[in-house]
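Engineer: Build me a model:
(one chain, ligands or ions: 1)
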Amino acid sequence: MKNKIKCAVLGSTGMVGQVFLQMLAEHPWFKLTRVIASDKREGQNYGGSATWLLPQPLPKSIAALNFAKFDIEELKKADVQIVFSALPADIAKGVEAELRDAGFWVFSNASAYRYENNVPILIPEVNLPSLAQIEKQGFPEKGFIITNSNCTTAGLAVALAPLRPFGIRKMFVSTYQAISGAGYPGLSALDIMENAIPHINGEEGKVIRECQKILEIETEIYPTCVRIPVKFGHLEALWLEFEQNVNEQDILQAWKNFQLDGPALPTAPKVPVLYGDAVDFPQPKLAWHGEPAGMQVFTGRLRRQNNMFGFLLLANNIVRGAAGGSIINAEAFIRQYQGHLL
Ligand SMILES: NC(=O)c1ccc[n+]([C@@H]2O[C@H](COP(=O)([O-])OP(=O)(O)OC[C@H]3O[C@@H](n4cnc5c(N)ncnc54)[C@H](OP(=O)(O)O)[C@@H]3O)[C@@H](O)[C@H]2O)c1
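Structural biologist: Residues are numbered from 1 along each chain as shown. I've put the predicted structure just below:
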């Protein structure tokens, strides 16, 4: 792209915010020009103030940035067009609407607007046509909000989308979720070390509601969500009942054939769902594997018992399940509505 589109990240010090920074540092279409966090950080240097938590080093260009104030007029003057939000939902509620009303293109990780009519929960490989809902928000005359799903739902929706034609009648899913999903500083080490916590506030309801909205299915979904002491990557164990008569080969073939409709996007994996044959695949230690790192969903242990099919999946909760999900959404939007810029 000749002139990269300027963007800002809100909540840039958090778990999701850090992934945004790491992925945007070298992005071919977007230029990160504003990092913003809570007011107390304003004017401080990013490298000196934030606690960097990712396994990849903090990019030098990002470390050198100073935190900007959240000021809509200043963002406009600085020609920022895209705002990526990694804010807590209660803060996002006011801020994201203000930004949309001011004409910004907002890509949000927060749940604040996920369930509103005309606000898509977008996953380009899964429900690209839902992008058109931004026109009902007033685009192109106005700005818009596009959300991505909750971290647990993201991996699920990607793995289930190719199986939709089989008619998913019923699904049981048990999750083993990384602590980074609770943000930073998140859970106390004393609560989670050598432990598992069989309750994640609101998570099971989100999984049901978001799977149904994204996949446009009325499947019966029975989730059980558990936090476990790993840093990155949500492992999920599923049992599915299909309406159609399928076998393991049909499922493997559906995953193999699954890909993004239309031209490639910089953050889109060529193989969104990768099945592994090893008996103990997948494991959370693979959370940063794949191409691009953290964007592929890994599946394994496909097996049949009576009329049910079981398998496991692994998705990087802060990449595919959060910041990477927003970035691929912004790319899909640019490709569809601003293609002349490419
Ligand atoms: N973690 C995940 O796996 C995941 C996945 C999908 C979606 N999400 C959603 O993404 C959002 C961010 O999650 P996270 O895990 O990154 O949270 P986090 O680690 O707690 O980070 C929160 C960020 O918001 C900033 N912030 C807090 N209060 C603020 C305020 N009053 N005004 C402005 N900024 C404020 C913080 O800045 P300071 O450091 O300056 O306080 C920090 O940068 C949440 O809505 C979450 O539900 C998270």
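Engineer: only C-alpha atoms for contact and neighbour calcs from this point on.
Structural biologist: Noted.
Engineer: just the strands in the protein please.
Structural biologist: Taking DSSP state E as the criterion, the chain contains strands spanning 5-10, 30-36, 82-85, 105-108, 144-147, 168-177, 220-227, 234-242, 273-276, 297-305, 308-315.
Engineer: Could I get those strands in CSV, plus columns for mean pLDDT, distance to the ligand and mean neighbour count?
Structural biologist: Converted to CSV, the strands of the chain look like this (pLDDT from 0 to 100; distance: least, Cα to the nearest ligand atom, whole Å; neighbours: other Cα atoms under 10 Å):
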stretch, mean pLDDT, distance to the ligand, mean neighbour count
strand 5-10, 98, 7, 23
strand 30-36, 98, 7, 22
strand 82-85, 98, 7, 26
strand 105-108, 98, 8, 27
strand 144-147, 98, 10, 26
strand 168-177, 98, 9, 20
strand 220-227, 98, 12, 19
strand 234-242, 98, 9, 22
strand 273-276, 98, 19, 20
strand 297-305, 98, 15, 19
strand 308-315, 98, 10, 23
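Engineer: Report the separation between residue 54 and the ligand.
Structural biologist: Between residue 54 and the ligand the distance is 12 Å, computed by Cα to the nearest ligand atom, to the nearest Å.
Engineer: Where do the domain boundaries of this structure fall?
Structural biologist: Following automatic domain parsing, one finds the domains of the chain at 5-149+323-341, 151-316.
Engineer: Off-centre distance for the longest one?
Structural biologist: On the basis of Cα atoms, centre = their mean, to the nearest Å, domain 151-316 is displaced by 12 Å from the centre of the chain it belongs to.
Engineer: cool, and the shortest one?
Structural biologist: Between the mean C-alpha point of domain 5-149+323-341 and the mean C-alpha point of its chain there is a distance of 12 Å (Cα atoms, centre = their mean).
Engineer: So which residues on the chain come close to the ligand?
Structural biologist: 11-17, 37-38, 41, 86-89, 91, 109-110, 150-151, 180-184, 317-318, 321-322 (Cα under 6 Å from any ligand atom).
Engineer: filter these to the buried ones?
Structural biologist: 11-17, 37, 41, 86-89, 109-110, 150-151, 180-181, 317-318, 321-322 (16 or more other Cα atoms under 10 Å).
Engineer: Can you report how many residues neighbour residue 286?
Structural biologist: Neighbour count for residue 286, taken as other Cα atoms under 10 Å: 17.
Engineer: which residues does it contact?
Structural biologist: residue 233 (Cα atoms under 8 Å, 6 or more residues apart in numbering).
Engineer: confidence score at it?
Structural biologist: Listed pLDDT for residue 286 reads 98.
Engineer: burial count for the closest residue to residue 45 other than its chain neighbours?
Structural biologist: Take residue 45 and drop its neighbours on the chain: the residue closest to it by Cα to Cα, 6 or more residues apart in numbering is residue 66, 4.2 Å away. Each residue near residue 66 was counted by other Cα under 10 Å, and the total is 20.
Engineer: you'd agree residue 66 is up against residue 46?
Structural biologist: Yes: with contacts defined as Cα atoms under 8 Å, residue 66 counts as touching residue 46 at a distance of 5.5 Å.
Engineer: where along the stretch 101-250 of the chain do the helices fall?
Structural biologist: With helices called from DSSP state H, counting those that start in this stretch, the stretch 101-250 of the chain shows them at 124-127, 151-160, 189-192, 203-215, 248-257.
Engineer: Dump those into CSV; add distance to residue 281 as well.
Structural biologist: Supplementary listing: the helices of the stretch 101-250 of the chain in CSV, determined by distance: least, Cα to Cα, whole Å:
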stretch, distance to residue 281
helix 124-127, 23
helix 151-160, 15
helix 189-192, 24
helix 203-215, 23
helix 248-257, 15
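Engineer: hey, which of those helices is tucked in deepest?
Structural biologist: helix 151-160 (a mean of 25; mean count of other Cα atoms under 10 Å).
Engineer: what packs against that one?
Structural biologist: helix 124-127, helix 203-215, strand 297-305, strand 308-315 (3 or more Cα pairs under 8 Å, 6 or more residues apart in numbering; DSSP states H and E).
Engineer: hey, what's the closest residue to residue 224 other than its chain neighbours bridged with?
Structural biologist: Spatially, and ignoring its direct neighbours in sequence, residue 224 is nearest to residue 174 (4.7 Å; Cα to Cα, 6+ apart). Using DSSP bridges, the bridge partners assigned to residue 174 are residue 224, residue 237.
Engineer: wouldn't residue 174 be in contact with residue 234 here?
Structural biologist: No: the criterion here is Cα under 8 Å, and residue 174 misses it with residue 234 at 10.5 Å.
Engineer: what's near enough to touch residue 184?
Structural biologist: Counting by Cα under 8 Å, 6+ apart, residue 184 has contacts 14-15.
Engineer: Look up how far residue 15 lies from it.
Structural biologist: Taking Cα to Cα, to the nearest Å as the measure, residue 184 falls 6 Å from residue 15.
Engineer: who touches residue 263 in this structure?
Structural biologist: Contacts of residue 263 (Cα under 8 Å, 6+ apart): none.
Engineer: Just the CA atoms of stretch 49-64, as PDB, please.
Structural biologist: Only the C-alpha atoms of stretch 49-64 are listed here, as PDB (Å, rounded to 0.1, in the frame of the first residue of the first chain):
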ATOM      1  CA  SER A  49       5.800   2.300  31.400                       C
ATOM      2  CA  ALA A  50       4.200  -0.900  30.200                       C
ATOM      3  CA  THR A  51       5.000  -4.400  31.400                       C
ATOM      4  CA  TRP A  52       5.700  -6.400  28.200                       C
ATOM      5  CA  LEU A  53       4.300  -9.900  28.500                       C
ATOM      6  CA  LEU A  54       4.500 -11.500  25.100                       C
ATOM      7  CA  PRO A  55       7.200 -14.100  24.200                       C
ATOM      8  CA  GLN A  56       8.200 -11.900  21.200                       C
ATOM      9  CA  PRO A  57      10.400  -8.900  22.000                       C
ATOM     10  CA  LEU A  58       8.700  -5.500  22.200                       C
ATOM     11  CA  PRO A  59       9.300  -3.900  18.800                       C
ATOM     12  CA  LYS A  60      11.700  -1.000  19.000                       C
ATOM     13  CA  SER A  61       9.500   1.400  17.000                       C
ATOM     14  CA  ILE A  62       6.700   0.800  19.600                       C
ATOM     15  CA  ALA A  63       8.900   1.100  22.600                       C
ATOM     16  CA  ALA A  64       9.800   4.600  21.500                       C
END
